[in-house]
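> Task: produce atomic coordinates for the following.
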Amino acid sequence: QLQFVESGGGLVQPGGSLRLSCTASGFNLRHYAIGWYRRAPGKEHEGVSCINGVHEDKIYEDSVKGRFTIDRDSANNTVYLQMNNLKPEDTGVYFCASTGYYYCLDYKSYSKLTWGQGTQVTVSS
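Below is the predicted model of the structure:
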């Protein structure tokens, strides 16, 4: 199983920004598609973005397109999610995970994913 550690969450006002980090040990993140997901209170996990492991093609869901940016720092074996213009509906626990595949085609196959602790993001005035 691929396991990750998320960090960078916090409390921010609407319109604010946060950058989340996803790190791993024991394997190279560059070899896998890495997805960012969130779980809003009372709801199921929802995929928001993914970066391919090979050519670094990126996917964004409509709800975050134009506001969130996913990037990989291979030197630090970290994947980031830069979140700008945050909205109250972005509130939730954010996770990163991978199905173990190179491409993002199945990044929303939730039954294949293992969840870590996540990092809490709260957008509120």
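> residue closest to the middle of the chain?
By CA atoms, centre = their mean, the chain has its centre lying nearest to residue 36, at 2.0 Å.
> Next, the distance between the ends of stretch 12-32.
From its first residue to its last, stretch 12-32 covers 31 Å (CA to CA, to the nearest Å).
> Which strand or helix spans the residue nearest to the centre of the chain?
strand 34-39 (DSSP states H and E).
> tell me which residues of that strand are tucked away?
The neighbour-count check on strand 34-39 (16 or more other CB atoms under 10 Å) flags 34-38 as buried. C-beta here means a position set from N, CA and C on the backbone, and glycine is covered the same way.
> With stretch 74-81 instead?
Neighbour-count burial for stretch 74-81 flags 77-81 (criterion: 16+ other CB under 10 Å).
> how about those, which pair is most distant?
Maximum pairwise distance in these, criterion CB to CB, is 15.4 Å, between 77 and 81.
> mean confidence for stretch 78-98?
Stretch 78-98 carries an average pLDDT of 97.
> I'd like the distance from it to the chain centre, please.
Distance, stretch centre to chain centre, for stretch 78-98: 6 Å (CA atoms, centre = their mean, to the nearest Å).
> list the buried ones in it?
For stretch 78-98, the buried set under the neighbour-count rule, 16+ other CB under 10 Å, comprises 78-81, 83, 86, 90-98.
> Show the end-to-end separation of that stretch, please.
13 Å.
> ditto for stretch 22-39
Terminal residues of stretch 22-39 are spaced 16 Å apart (CA to CA).
> Dig out what the closest residue to residue 18 other than its chain neighbours forms beta bridges with.
Distances taken as CB to CB, 6 or more residues apart in numbering place residue 83 nearest to residue 18, at 5.0 Å, with adjacent residues excluded. For residue 83, the beta-bridge partners under DSSP bridges are residue 18, residue 68.
> ok now do residue 83, which residues does it touch?
Taking CB atoms under 8 Å, 6 or more residues apart in numbering, we find residue 83 in contact with 17-20, 64, 67-68, 90, 121.
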